[in-house]
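Trainee: What follows is a predicted structure for the sequence shown.
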Amino acid sequence: MTDTAVASDAPHGELNDQIRDAVEQLNASLKGMAPNVPEAIAFQAMAHAVALALQNTVLQQQHDHMLRSSLTTAAAVSLLEGRRDEAEAVLKLADEKLGGRLNLSEEIAKVGEVLKSIGEQFKTH
C-alpha cells in the first residue's frame, strides 16, 4: 500500500489521489449514460442501505433478547442462592440498559420516515 492510500496521513479536508481518481472515473462513466441510469444506480444504492439498516435493527433486537435472557438467568440463579438484592440489581441493570431502546416496529417506522424524505428529495430534482 502506498503512502497516499493511508487516510490517517492526509490532513482533514484533503482527498488522497486514489479517491480523487475514483470520483473522476465515476463522473466520466456517468457522462455517457442516459439520465435514468445514474438515477437507477442511486435507487439501488439507497435500497441496499435500507436493507442494511433493517438487518442491523433485527440483529440488534436479537442481541438484546439474548442479553436479557442471560441477565434473567443470572437473576434467577441469584434468587435460588438466596441473594435477592443481587437479583434485583441484575434486573435493574437489564431495564436500564435495554429498556430505553426502540422496538422493531419503531425502528422500521423511523427508516420509513427517512425513505419518505429521500423520496421527496428525488421528486424535486
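Mentor: Alright, I've got the coordinates.
Trainee: any idea how far Lys116 is from Asn103?
Mentor: 20 Å (C-beta to C-beta, to the nearest Å). (C-beta placed from N, C-alpha, C; glycine too.)
Trainee: Not counting sequence-adjacent ones, nearest residue to the spatially most central residue of the chain?
Mentor: The chain has Ala53 as the residue nearest its centroid, 4.8 Å off, counting by C-alpha atoms, centre = their mean. Among residues not flanking Ala53 along the chain, Val111 sits closest, at 5.4 Å (C-beta to C-beta, 6 or more residues apart in numbering).
Trainee: My read is that the one you found contacts Leu54, right?
Mentor: Yes. Under the criterion of C-beta atoms under 8 Å, Val111 makes contact with Leu54 at 6.4 Å.
Trainee: and the residue nearest to the centre of the chain, what element?
Mentor: helix 36-80 (DSSP states H and E).
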